[in-house]
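Engineer: coords please:
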Amino acid sequence: MRLELKGMKHVYPTGDEALKGIDLVIEGNEPVAIIGQNGAGKTTLVKHFNGILRPTSGQVLVNGEDINSRSTAQWSKTVGYVFQNPDDQLFLDSVRKELEFGPRQIGMDEDRIKELLDWTARLCGLEDKLEEHPFDLTATEKKFCTVASIIMMDPQALVFDEPTCGQDVDGNKRLKDIVTALKERGKLCITISHDMKFVVENFERVVVMCKGKVLVDGPAAEVFARTELLKQSFVSPPPITRVAQGAGLKETVFKVDAFMKCLEASIKGAGDGI
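Structural biologist: Reported below is the predicted structural model:
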């Protein structure tokens, strides 16, 4: 899977320039997180990946093919998009119908639909909710219903827009399992998130956006080490990372045990130098 943006700009009908010449390549199946302050252009960016939005100028290429060559409905077979607000996506009267609707629209074989339904419902914790009305679900279950409905389309890439919003600890654990399962199946998972703890636990690559541009793009440890640059997009590293940085540790750490090891090594090194 390869998504490539070349000098891509997007100007809304109001005249607001949301994206200001984006050059970006995302390929393979390594999960990618896109972060940045509200209004940085994150959602505008990812809505170009399956043609929900079209570039004002520049190019968006999906596996080498220009996004303008097909409709959004056609691209949905390749790149699935999970909306931030489940109510923008759910419209049928049972969870089962929601999950089966997309695959049937693209002509998926019924045996394949059943196979995917069993796996997806278990993965998203909906195996006992299939006959319920989506609007009778909890907010967390609604979110997973929208995620499941896109997984059911079996696209090569999936875009999650703020999936951790409103989630509890169990919900975040399930999201982690979903990201892992999709990677194992060769799927590319791109996620917008303001939850930095979730980001560093699940994504090796992080793209930081600021005012319609890519501010920095690279491995999470390198990105979160650039604290002064991150301030431009009002992004703060996870708490334990900030503590380590405040303590003057050279290594960028994301977990308490890593912090303790680095701290012990630092103290030992200081003692050896006496």
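Engineer: which residues sit in contact with Ile240?
Structural biologist: Contacts for Ile240 (Cβ atoms under 8 Å, 6 or more residues apart in numbering) come out as Val253, Phe254, Lys255, Val256, Phe259. No exception for glycine: its C-beta is placed from N, CA and C like everyone else's.
Engineer: quick one: average pLDDT of the helix or strand harbouring it?
Structural biologist: Using DSSP states H and E, Ile240 sits within helix 239-246. What helix 239-246 shows for mean pLDDT is 89.
Engineer: need the three-state assignment for the residue nearest the centre of the chain.
Structural biologist: Nearest residue to the geometric centre of the chain (Cα atoms, centre = their mean): Thr191, 0.6 Å. With DSSP: H, G, I helix; E, B strand; the rest coil as the basis, Thr191 sits in strand.
Engineer: return the per-residue confidence for it.
Structural biologist: On the pLDDT scale, Thr191 gets 97.
Engineer: and it, what does it touch?
Structural biologist: Shown in contact with Thr191 (Cβ under 8 Å, 6+ apart): Pro31, Val32, Ala33, Ile34, Val159, Phe160, Pro163, Val179, Val199, Asn202, Phe203.
Engineer: what about the last one, neighbour count?
Structural biologist: Right, Phe203. The number of residues packed near Phe203 is 23, by other Cβ atoms under 10 Å.
Engineer: for the closest residue to it other than its chain neighbours, what is the enclosing helix or strand?
Structural biologist: Using Cβ to Cβ, 6 or more residues apart in numbering and skipping residues adjacent in sequence, the residue nearest Phe203 is Ala33, 3.8 Å away. Take DSSP H and E as the rule and Ala33 turns out to sit in strand 32-35.
Engineer: which other helices and strands contact that strand?
Structural biologist: With contacts taken as 3 or more Cβ pairs under 8 Å, 6 or more residues apart in numbering; DSSP states H and E, strand 32-35 sits against helix 42-46, strand 188-192, helix 196-202, strand 205-210.
Engineer: return the member of those having the minimum mean pLDDT.
Structural biologist: Note on these: lowest mean pLDDT is at helix 196-202, with a mean of 94.
Engineer: would you list every one of the helices in this structure?
Structural biologist: Taking DSSP state H as the test, the helices found in the chain are 42-46, 72-75, 95-105, 110-123, 139-151, 169-184, 196-202, 220-225, 227-230, 239-246, 256-272.
Engineer: these: lowest mean pLDDT?
Structural biologist: helix 256-272 (a mean of 79).
Engineer: what comes up buried for that one?
Structural biologist: For helix 256-272, burial by neighbour count (16 or more other Cβ atoms under 10 Å) applies to Ala258, Phe259, Cys262, Leu263, Ser266.
Engineer: pretty sure the third one sits against Val253.
Structural biologist: What it means is Cys262. Yes - contact criterion Cβ atoms under 8 Å: Cys262 and Val253 qualify, at 5.8 Å.
Engineer: which neighbours do the two have in common?
Structural biologist: Here Cys262 and Val253 have Ala244 as joint contacts, going by Cβ under 8 Å, 6+ apart.
Engineer: neighbours around Asp87, how many?
Structural biologist: Asp87: 11 surrounding residues under other Cβ under 10 Å.
Engineer: residue contacts, the closest residue to it other than its chain neighbours?
Structural biologist: Leaving aside its sequence neighbours, Asp87 sits nearest to Lys142 (Cβ to Cβ, 6+ apart; 7.7 Å). Taking Cβ under 8 Å, 6+ apart as the criterion, Lys142 is in contact with Pro86, Asp87, Leu90, Pro134, Phe135.
Engineer: of the residues you listed, closest to Val11?
Structural biologist: Val11 has its nearest neighbour among those in Asp87, at 28.2 Å by Cβ to Cβ.
Engineer: if I look at the closest one, how far off is Leu130?
Structural biologist: With the distance defined as Cβ to Cβ, to the nearest Å, Asp87 ends up 20 Å from Leu130.
Engineer: circling back: tabulate the helices of the chain (TSV), appending distance to Lys211.
Structural biologist: Output for the helices of the chain, formatted as TSV (distance: least, Cβ to Cβ, whole Å):
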stretch	distance to Lys211
helix 42-46	12
helix 72-75	27
helix 95-105	35
helix 110-123	37
helix 139-151	29
helix 169-184	28
helix 196-202	20
helix 220-225	17
helix 227-230	13
helix 239-246	24
helix 256-272	32
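Engineer: alright, calling it a day.
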